[in-house]
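A.B. asks: I'll drop the sequence and a predicted model, then ask my questions.
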Amino acid sequence: MSETPKPRPAPEAPYGVMAEFATPAELLRAAGRLRARGYRNIEAYSPFPIHGLDAALGHGGSKVPWIVLGGAIIGASSGLLLQWWTSAVDYPIKVGGKPYFSIPAFVPITFELGVLFSAFAALLGMLALNQLPQPYHPVFKHSQFHRVTDDRFFLAVESEDPMFNVERAERDLGDAGGQHIEVLQA
Amino acid sequence: MSTATVPPEPREMVPDDPRRRLTLVQGRHSFADITRMVCAPVEEPATRGWWVGFGIASMCLGLFVAMVVYLVLVGIGIWGLNSPQGWGFDITNFVWWVGIGHAGTLISAILYLFRQKWRTAINRFAEAMTIFAVICALMFPTIHVGRIWMLWMALPIPNWEAIWPQFRSPLLWDVFAVGTYFTVSVIFWYMGLIPDLATLRDRAKSKVRWLVYGILAMGWRGSARHWANYEKAYLILAGISTPLVLSVHSIVSFDFAVSVIPGWHTTIFPPYFVAGAIFSGFAMVMTLAIVARRAFRLTDVITIDHLDNMNKIMLATGMMVGYAYSMEFFISWYSGNKYEMFTFVNRAFGPYAWAYWIMITCNVLVPQIFWFRKNRRSIPIMFVASILINVGMWFERFVIIMSLSRDFLPSSWGYYKPTWVEICTLIGSLGLFFTLFFLFLRFLPMVAMAEVKNVLPQADPHGHGEGGVPPGEPA
Amino acid sequence: MEDRVTPESKTPGNGRAQWRSLEELSGSSEYREHAETEFPDYFAEALDLPPVAENAALSRRSFLGVMGASLALTGLAGCQRPLAKILPYSKLPEDLLPGVPQSYATVMQFRGMGEGILVTSNEGRPTKIEGNPDHPSSLGATHSYAQASILQLYDPDRSQFPTEGNASRTWEEWNAWLTPKLTTLRADGGRGLAFLSLPTASPTLRAKRAEVMAAFPNARWVDYEPLNRDNAIEGSRLAYGRPFRQQLALDQAEVIVSLDSDFLFVEPNSVRHARDYGRRRRVASTQDSMNRLYVVETVFSITGSMADHRLRLAPTQVAEVARALAATLTGQHSMYLGGETWSAGTLSDRAQVFVATLARDLAEHRGRSVVLAGGSQPPEVHALAMALNHALGNVGPVVRYTLEPYPAQQREGIAGLAKAMDTGQVNFLVVLGGNPAYDAPADIDFTARMRKVPDVACLSFYRDETAEKANWHLPETHFLETWGDAEAWDGTRSIQQPLIAPMYQGKSELEVLSMFLGRPLDSHALLQEAYGREWGVFSGSRWDRALNDGVLPGTAYAEITATPDFSSVTAAWSRRTPPASGGIEALFRPDYSVWDGRFANNSWMQELPDPMTKIVWDNAALLSSKTAESLGVKDGDLVSVSVANRDLEIAACIVPGLADGAVVLPLGYGRKRVGRVGDGVGFNTYALRTTTGMDIAPASVKAGAGHYTLVRTQDHQAIEGRPLVREGTLEEYRKDPEFAREMNEAPPPLTLYTNKEYDFSKPPQWGMAIDLNTCIGCNACTIACQSENNIPTVGKEQVKKNREMHWIRIDRYYVGDVEEAEAVHQPIPCMHCENAPCENVCPVNATNHSADGLNQMVYNRCIGTRYCNNNCPYKVRRFNFLAWRKHEPEVIKMAMNPDVTVRMRGVMEKCTYCVQRINRKRIEAKIAQRDIQDGEIRTACQQVCPTEAIIFGDLLDSESRVAKLKAEERSYTLLEELNTQPRTFFLARLRNPNSEMEKA
């Protein structure tokens, strides 16, 4: 995919090295290999989630659930507050012989707002944690990367990795069975 | 080495044997095949069939617009409504559409939680169907007041009257429930679309497509981290959508259950409405799936086994609504309440008996054919059945609302018959639905590629090939 | 409506077309413009369900369209006074505060008697008519006609300027035409001059008529009213040799016998009768007694619906009951009836039992009973009734006699006039009021006779059937536009004072007669002149007092005591030919809505459901189910009724409890020249009414071709065994006063809501009692409400769709089997539930509760979901499905009550307990720093009710009437099991049957 190259900090500081794999299994094995070699900042790319990959890459669990919990609490409570304040505080009106603050009748909206807010929290949380939207990213530079959403699997060793070294990375990825091993300019 | 992966023979299909998992995709298909298959309808020029369908649908949409304009100009009087019968086609259509709108999220969410992998074949356009059905549904409460410019008063916005909405009203609950349902469905659907949008972006030939899909995909790269958060978020959305689906149609049923009118004031309504919603939703998915898989050569992805499964669900939910119908009668008799008793006898033998028996036939008798495997797997039979069921479910709501025509005081009894305007509005709403649906088929992948690839045999890293390596284990 | 298959519609000539030609004469473009601007909305209606061909009534939308056009017509064609400038306030009249309505006492003439009314005027616009409490014929109540006559005042179809032929003229031109004619007439004492007028209760007018006759001794004066009292007067002549008028004190009667006498509505003085009857019907405790009402009748009248014992018989059979009654009383109860012997004719077993029991009851209640003969019964029945009253000693305590002030024999009169016109003895006919071309007996063919008269002048309110055949038409004033006076039934006199200057160029009969006397004066001068003459000298103070009170004290007729001539009565009866058995008898009677047709152009009355049949915008041939069966006729089928070789194709309406072998034909419909509302509505039954059969005539009925859509406001007639109207006998009530409440087992009210911040414990808390025991179902409340609350009418087409707008409706259920059905009435206003189901479901707080317990509508907040009406168990809410008022002409707006919002399309509305009246009194009380007194606030429906069946007040004030009624054992609320806690409650109905009747 042809992205207009942006000004980079320094050519001698690449983003990392990335190789292509044909099957999920190869990818998983390669990831395991590199990790065993001591690499820490490696990232895999695939058309679909691959089970066990997170563990192989040593990624921790997602923080999305906590964000959603927050959303749910805010949503539900604001729902109840809205109904209480409008019906019982701001402008109490006698309706159907019911109390101004008719809790049983206020349950549905409270619940719905809880759900609404958590849904937003889930989407926005996911995007935020993935730093999306993000139009430009170095990995898009890889000649084969456009197949990552089709049928190809990629593994990248990032330059932040303490033991990063272009030659070593290229060799290790090659050993792991990677094809099209390319250096990604940041 | 491109497409180095040669998928194995599909396992023999024993779909009725619970111990064996049925094949999700038929034939030997590589990941690339899936991509090609699913992207084809979006990337190739539109077929004549699409144009014809889209043309008809958009004409009906025009009819809908015309009817609404007429209504807004002249008033509710152009409908057949009257004093005992304040609601008719309007709310019938509303509940019907909302009901249809339930299968989508249900299939996506509940089947996802139950790890029903076969959902992947249909969840995408089931969700689309949900969204479009809910759009149609929302139309009716909007127009049924006639003076639609007054509607804002139902929203909790401060206004010069300083009066707020009345939060005890089931109609207001509807506003929030259906509104939430719509929003969440859109979020759920969009989230599912992101990876596939990325696929379209990466396959884009023209700059425009690349730009549009690129923006929509938001720079998705499919990194492991992406997938981790994505799957978690998706799981949670599925988790909250499930109670949402149940709550929404329960709340819709409150429109009736919370009232005092005999035939409306019934505690069985929430579960019975939910079952009915699933019932009609699946029927609609079925109707659409049958056409789509044929038109877009997706028979391998949406397999006969999937349809068979859906038929089983329709049989089950059909029996549930059947049970609800009989239980209503039992309770009305058991309550000893003369008004209740009258209402239900009147339902079956009164002026609207014809509607009642159409409902029974379509919703209770027709699904019984699915006891037989032959019928469950016969495309023509299930196609006709699915349509009949939707007709029946429309009449279920109609019959319930017609309870109004004969309530407590015989002096105010009346009879409601729709005018041609109402009938055209109903047809028009179908136009709205199909117009949106045709656009969806044309511009978005109707099957969730990423998910289908995920359930291909070769997608399982531990399943085959050189065999997977336990994570972290040095070679 | 032209394509309806009736003889009338076949007759050539279209009045509308001529009306238009007038426009072309005066060459107006406005009319066409208006027609164009008014008609576009037709498409809305055209697109509605296709109107059934036989639907006679114009739908309201179209008729308003034309009405609008008619305004243009008024604007240019004649009226020099533009509508907008009718009430100029160059300087504010004394003691008139803008926004504060004023009330004036005046009098309305109807049925040949004056009915005292108080008229509310807002900034000079009369907007509401109420009864005058000081007036003996009203006592504060009115009937529906008085209520509706306010709309008549603002009817845009009123005749607005004199016309000669079809050309518009001025009064000056009329005088110019008249003066030479009068000089020639005076020459030979007015030979060939004939006046045809309505009988009047105005002494001044009668004097003026006498003056005219004195000036033209050879002229001929004839009174004619289609619904006249000839039978009663003739009966009195039979019994007493003199024309007597009965003054009834019904509250003194223990036993009331009605021989086809609808004394609660149709007979004159009905409002007073209803009040007195109601007094003896009201029961507060088990000690109280009730009167007993026996009704023998053909039609199912509202009087019949109140009967404790009702006997349905063909019209002539009713007379036989009278005969049998006389026979039994003289025979078994040794009653002296001139010593004559009476032999009972042939009666059915049921009738015989009825008569026997009735006779016993009468004999036991000598001096405390009354026998009433209906206006449609022949003179001998009236005579016998009078004789019986005398013999029973009822004359004095219950019945008193005064001399009939105007005892002209109208049937003979009109017949004689017709003959004279035929033989050319009349060359100048002056019709003063009345509409003979429409309502004269059919065999006279008055229209044809008119052509033989060279000059016909017609003073009438509309340019009606008569006016448009006359070569001179003069517009008549409304009674609220002119000065006059009128006597109540008992003679008490009231001054009729105008509340508004004549809106168009109308003049009253008094003024027109003054022209014939050569000195045209206005009515005010004429009246003061008359009273000056009467009082010796005109006294301003006395005059003002009379105007203020609305009555002149001490003007009642002198009572007359006399003994009947029994022999002449018996003689009359011996002359009477016994009725031919078998065959069908036609009975003509006034219509509950349009009376004799004079209210045909009044949309309120047209849309007012008939109290019994609930039909609107139509009349129909009423048949009993058995008769219909024998004819093979279903409800709504067209039947052809023929009387004296005259045929009429008319829709049949099957009425439970109607007499077999009879067809009842309500008069007053099928008008051809009255206005946009009334033209072509219903069937003209006058076509069958001949001089020999004015009331009862042998008829033949056969099934016709086709079906006709009769529209009812109540489609389902049976009560389905539901405890809605709770009814018991006096006996049951005495045994078990709580019977009504026990008729429904209500579970203990449960609630989820315990933490309620308010409990309606702060007075006042409004409530309404409706006593089903005294409600006679006369519809007065419905019209009063319509007038008070600016309620629109919607037209036949929309009522057919159950979209009528009445805020208080009267449900009428038939009880018992179809043949011998009894009927019950139940007025249903809003129940103002404390736990109002409608409020719970409104998403926008548009309907909610006030601190004093009113369920109130916020119109500008309503978005029109109709959910509230769906959830109303009583279905009292009304929805503006269309913009009912969109085409309302300016002039109709003058009838509006400025205190009540006019609702727009898409808004829900309903009874407010007349909140505008409550607030007005509350403000007054606040200013005066006092509490609101009980009875100070009277809702429109309560105010008008002839029997005081509706009581409104504060439920927390233990002294208030409503609270006392609430405490009564008979009180119950509708559907209490729903725990809606209604504020409107009912008092169970009691019947007082004669136990011996059951035994027999």
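C.D. replies: Yep, that arrived. Numbering: from 1, shown residues only, chains lettered A, B, ... in the order given.

A.B. asks: only C-alpha atoms from now on, for both contacts and neighbour counts.
C.D. replies: Fine.

A.B. asks: export only the CA atoms of the helix-or-strand element of chain A with minimal mean pLDDT, formatted as PDB.
C.D. replies: One helix or strand of chain A scores below all others by mean pLDDT, DSSP states H and E: helix A:53-57, with a mean of 83. Only the C-alpha atoms of helix A:53-57 are listed here, as PDB (Å, rounded to 0.1, in the frame of the first residue of the first chain):
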ATOM      1  CA  LEU A  53      -0.500 -15.700  20.000                       C
ATOM      2  CA  ASP A  54      -0.800 -13.200  22.800                       C
ATOM      3  CA  ALA A  55       0.800 -15.600  25.200                       C
ATOM      4  CA  ALA A  56       3.500 -16.400  22.600                       C
ATOM      5  CA  LEU A  57       4.300 -12.700  22.300                       C
END
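
A.B. asks: tell me which other helices or strands that helix touches.
C.D. replies: Counting by 3 or more CA pairs under 8 Å, 6 or more residues apart in numbering or on different chains; DSSP states H and E, the packing neighbours recorded for helix A:53-57 are helix A:24-37, strand A:42-45, helix B:224-257.

A.B. asks: now these as a markdown table including mean neighbour count, mean pLDDT and distance to chain C?
C.D. replies: Shown next, in a markdown table, are these (neighbours: other CA atoms under 10 Å in any protein chain shown; pLDDT from 0 to 100; distance: least, CA to the nearest CA, whole Å):
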| stretch | mean neighbour count | mean pLDDT | distance to chain C |
| --- | --- | --- | --- |
| helix A:24-37 | 25 | 87 | 55 |
| strand A:42-45 | 24 | 88 | 51 |
| helix B:224-257 | 23 | 90 | 8 |
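
A.B. asks: got the ones you listed as CSV, with distance to C:Glu968 columns?
C.D. replies: Below are the helices and strands packed on helix A:53-57 laid out as CSV (distance: least, CA to CA, whole Å):
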stretch, distance to C:Glu968
helix A:24-37, 88
strand A:42-45, 86
helix B:224-257, 36
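
A.B. asks: quick one: name the residues of chain A near chain C.
C.D. replies: Residues of chain A lying close to chain C by CA under 8 Å from any CA of the partner chain are A:93-100, A:102, A:104.

A.B. asks: for PyMOL, what selects the buried ones among those?
C.D. replies: To isolate the buried members of those in PyMOL, using 16 or more other CA atoms under 10 Å in any protein chain shown:
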select buried, chain A and resi 93+94+95+96+97+98+99+100+102
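
A.B. asks: tell me the average confidence for stretch C:609-621?
C.D. replies: Mean pLDDT, computed over stretch C:609-621, is 93.

A.B. asks: wait, does it make contact with chain B?
C.D. replies: No: with CA under 8 Å from any CA as the criterion, chain B is not reached by stretch C:609-621; the gap is at least 10.6 Å.

A.B. asks: now find how far off-centre that stretch is within its chain.
C.D. replies: Centroid displacement of stretch C:609-621 relative to its chain, using CA atoms, centre = their mean, to the nearest Å, is 13 Å.

A.B. asks: quick check: longest strand in chain C by residues?
C.D. replies: Determined from DSSP state E, the single longest strand within chain C is strand C:696-707.

A.B. asks: other residues contacting the helix or strand following that one?
C.D. replies: Moving toward the C-terminus from strand C:696-707, the next helix or strand (DSSP states H and E) is strand C:711-712. Strand C:711-712 is contacted from outside by C:609, C:613-618, C:796, C:799-800, using CA atoms under 8 Å, 6 or more residues apart in numbering or on different chains.

A.B. asks: which one of these is nearest to C:Cys653?
C.D. replies: Nearest to C:Cys653 among those is C:Thr613, at 8.0 Å by CA to CA.

A.B. asks: how close does that closest one sit to C:Gly632?
C.D. replies: For C:Thr613, the distance to C:Gly632 equals 20 Å [CA to CA, to the nearest Å].

A.B. asks: more neighbours: which of these two?
C.D. replies: C:Thr613 (23 against 11; other CA atoms under 10 Å in any protein chain shown).

A.B. asks: gap between that one and C:Thr713?
C.D. replies: Relative to C:Thr713, and taking CA to CA, C:Thr613 is found at 9 Å.

A.B. asks: on that earlier part again, show me how far the least confident helix or strand of chain A is from its chain's centre.
C.D. replies: That offset, for helix A:53-57, works out to 15 Å (CA atoms, centre = their mean).

A.B. asks: other residues contacting that helix?
C.D. replies: Helix A:53-57 is contacted from outside by A:28, A:31-32, A:35, A:40, A:42-44, A:60, B:224-225, B:228, B:471-472, using CA under 8 Å, 6+ apart.

A.B. asks: with stretch B:169-186 instead?
C.D. replies: A:108-109, A:112-113, A:115-116, A:119-120, B:105, B:127, B:130-131, B:134-135, B:138, B:154, B:165-167, B:241, B:244-245, B:247-248, B:251-252, B:254-255, B:258, C:840-843.

A.B. asks: ok, A:Tyr45 touching B:Arg221?
C.D. replies: Yes: assessed by CA atoms under 8 Å, A:Tyr45 is found in contact with B:Arg221 at 6.9 Å.

A.B. asks: what strand or helix carries the spatially most central residue of chain B?
C.D. replies: In chain B, the centroid-proximal residue (CA atoms, centre = their mean) is B:Gly101; its distance is 3.0 Å. Under the criterion of DSSP H and E, B:Gly101 resides in helix B:89-113.

A.B. asks: could you check the angle helix B:89-113 makes with the one helix or strand B:Phe182 maps to?
C.D. replies: Counting by DSSP H and E, the element that carries B:Phe182 is helix B:170-203. Relative orientation of helix B:170-203 and helix B:89-113, computed by axes from the mean of the first three to the mean of the last three CA atoms, to 10 degrees: 50 degrees.

A.B. asks: relative orientation of helix B:170-203 and helix B:224-257 in degrees?
C.D. replies: Going by the same axes, to 10 degrees, helix B:170-203 makes 150 degrees with helix B:224-257.

A.B. asks: helix or strand right after the least confident helix or strand of chain A?
C.D. replies: Once the chain leaves helix A:53-57, the next helix or strand it forms, by DSSP H and E, is helix A:64-84.

A.B. asks: show me what counts as buried in that following helix.
C.D. replies: For helix A:64-84, the neighbour count (16+ other CA under 10 Å) marks A:64-65, A:67-69, A:71-73, A:75-76, A:78-80, A:82-84 as buried.
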